[in-house]
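# Pasting a predicted model and its sequence here:
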Amino acid sequence: MISTSAESAIQLKRTYPVFITKLLFGLVTLSAVIGVPAYGLLVGYTWLDWTLFGLLYIITGLGITVGYHRLISHRSFACPDWVKAAFLIAGGWALQNSALKWAADHIRHHANCDQDADPYNAKRGFWHSHCGWLFDDQRYVDEKYATRLRQDPVIMWQYRHYTLIVLSGLALPFLVGALHGGLLEGFGCFMLAGVGRTFAVLNSTFCINSVCHLWGRQPHSQADSSRDSWV
């Protein structure tokens, strides 16, 4: 349990200018779309680069889908704290914000699906529901959706150390590559299994908010825009 004073210091709203989000997202996108293939053409990627890409894609993807989504947002199952911490580290490596912020937004999404307060409102179009919501003014952020989350010491531990967790997720492939084959191999691992993998996982998650709310079948209910999709 965290103290009341600590709780009051935690804000779900962005505490830095939106251009920081745009800059970070732009750097990741440009590095992945231009830098990753350029390095592949000029230098080439090794079996280690591709292996780490695949492993970290699966690990960070599970960190989001199982950890952030099923465990934290929906409380679909219970597990020991060390397992929860492992999931939240993996989720942090996906560069999708802390579990506190991610889950609070997701709970708000389910409470207000397709309404103005839905952070990923599909009625605002593909771009907004895919990634445009990242740059929104957050006028509908509501602290009540984080009340339960703040009572969890593991969630708050991850929140406090989120930046270090993100950096460790980018440093890991570089260190593995460098130890295996020197600095050039380390940079190759960083580009493919660090930057490229982050971009791939980001867009895989974004597709759930956009593609799976815009295209597909609705065999069970048409109460909101959620759909069954092969994606």
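Looks like it arrived, so ask away.
# From the contact counts, what lies against the lengthiest helix in the chain?
Longest helix in the chain by number of residues (criterion: DSSP state H): helix 162-181. On a contact count with 3 or more CB pairs under 8 Å, 6 or more residues apart in numbering; DSSP states H and E, helix 162-181 meets helix 47-62, helix 81-92, helix 183-189, helix 197-209. Where you see a C-beta, it was placed from the backbone N, CA and C, and this is true even at glycine.
# tell me what the first one is packed against?
Put plainly, it is helix 47-62. Where contact means 3+ CB pairs under 8 Å, 6+ apart, helix 47-62 is packed against helix 81-92, helix 162-181, helix 183-189, helix 197-209.
# Can you list the helices and strands that the helix or strand Met156 falls within packs against?
Per DSSP states H and E, Met156 falls inside helix 153-160. In terms of contacts (3+ CB pairs under 8 Å, 6+ apart), helix 153-160 is packed against helix 81-92, helix 99-111.
# between those helices, which gets nearest to Ala178?
For the helices and strands packed on helix 153-160, proximity to Ala178 was assessed by CB to CB; helix 81-92 is nearest, at 21.2 Å.
# If you count neighbours, what's buried in the closest one?
For helix 81-92, a neighbour-count test (16 or more other CB atoms under 10 Å) marks Lys84, Ala85, Ala86, Phe87, Leu88, Ile89, Ala90, Gly91, Gly92 as buried.
# my guess is Leu134 contacts Gly26, does it?
No. Between Leu134 and Gly26 there is no contact under CB atoms under 8 Å: 11.2 Å.
# Neighbour count for the two, which is higher?
Between Leu134 and Gly26, Leu134 has the larger neighbour count (other CB atoms under 10 Å), namely 19 against 11.
# Run through this protein and note the low-pLDDT ranges.
The model of the chain has pLDDT under 70 over residues 1-18, 137-140, 210-231.
# Centre-most residue in it?
Taking CA atoms, centre = their mean, the centroid of the chain lies closest to Gln96, which sits 2.4 Å from it.
# sec struct for that residue, please.
Under DSSP: H, G, I helix; E, B strand; the rest coil, the three-state class of Gln96 is coil.
# quick one: contacts for Gly181?
By CB atoms under 8 Å, 6 or more residues apart in numbering, the contact set of Gly181 is Thr46, Leu48.
# Contacts for stretch 72-90, please.
59-60, 62-63, 66-68, 70-71, 99, 102-103, 106-107, 149, 152-155, 157-158, 165, 168.
# What distance separates the opening and closing residues of it?
One end of stretch 72-90 to the other measures 13 Å (CA to CA, to the nearest Å).
# try stretch 122-133
10 Å.
# Name the residues of it that are buried.
Using 16+ other CB under 10 Å as the test for burial, stretch 122-133 gives Ala122, His128, Ser129, His130, Cys131, Trp133.
# Which among the helices and strands packed on helix 162-181 is found nearest to Ile20?
Per CB to CB, nearest to Ile20 of those: helix 197-209, 16.5 Å.
# Return the list of helices and strands in contact with the closest one.
Here helix 197-209 touches helix 18-30, helix 47-62, helix 126-130, helix 162-181, going by 3+ CB pairs under 8 Å, 6+ apart.
# Just give me how far that helix sits from the chain centre.
Distance of helix 197-209 from the chain centroid (CA atoms, centre = their mean, to the nearest Å) equals 8 Å.
# do the same with stretch 34-46
With CA atoms, centre = their mean, you get 25 Å for stretch 34-46.
# Quote the end-to-end distance of it.
The straight-line separation of the ends of stretch 34-46 (CA to CA) is 19 Å.
# Make 786 the first number, not 1, from now on.
All right, first residue 786 from here; so that's stretch 819-831.
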